[in-house]
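Enquirer: got a predicted structure here, sequence first:
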Amino acid sequence: MRTYYIYIMSNHSRTLYTGFTSNLISRVWKHKNRVYDGFTKKYNIRQLVYYETTTDGLAAIEREKEIKKWRRSKRVALIKRLNPTWRDLSDDFD
């Protein structure tokens, strides 16, 4: 069964980027190494500050869309609830 990840990344200014993927380690590496042109490269988005998992791909897409529609304050509250220090969670990847 495949796992899907809905994630939020940030930078030193706490600019937020929300996405989803089926390979979180690879996707975070690509963001950190500025592989993608666009928002994450422009704003130097390099810290994984939140993620959640599901085995339902359609649910992952819908959850990503839901979170993207939220006000910034609600996304920040989500992050702070599980990661109050805004630690880079990708530091735990081996």
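Expert: Nice, thanks for sending it over.
Enquirer: any idea how far residue 88 is from residue 1?
Expert: Here residue 88 is placed at a distance of 28 Å from residue 1 (Cβ to Cβ, to the nearest Å). C-beta coordinates here come from the backbone N, C-alpha and C atoms, glycine included.
Enquirer: strands of the chain, start to end?
Expert: Residue ranges of the strands in the chain, as given by DSSP state E, are 4-10, 16-21, 47-54.
Enquirer: out of the ones you listed, deepest packed?
Expert: Of all the strands of the chain, strand 4-10 carries the top mean neighbour count, a mean of 23, counting by mean count of other Cβ atoms under 10 Å.
Enquirer: contacts for that one next, please.
Expert: Residues from elsewhere that reach strand 4-10 (Cβ atoms under 8 Å, 6 or more residues apart in numbering): 16-22, 24, 27-28, 31, 40, 45-57, 59-60, 63-64, 67, 75, 78-79, 86.
Enquirer: and for stretch 52-63?
Expert: Counting by Cβ under 8 Å, 6+ apart, stretch 52-63 makes contact with 1, 2, 3, 4, 5, 6, 7, 20, 22, all of which sit outside it.
Enquirer: what's the first-to-last distance across it?
Expert: The straight-line separation of the ends of stretch 52-63 (Cα to Cα, to the nearest Å) is 10 Å.
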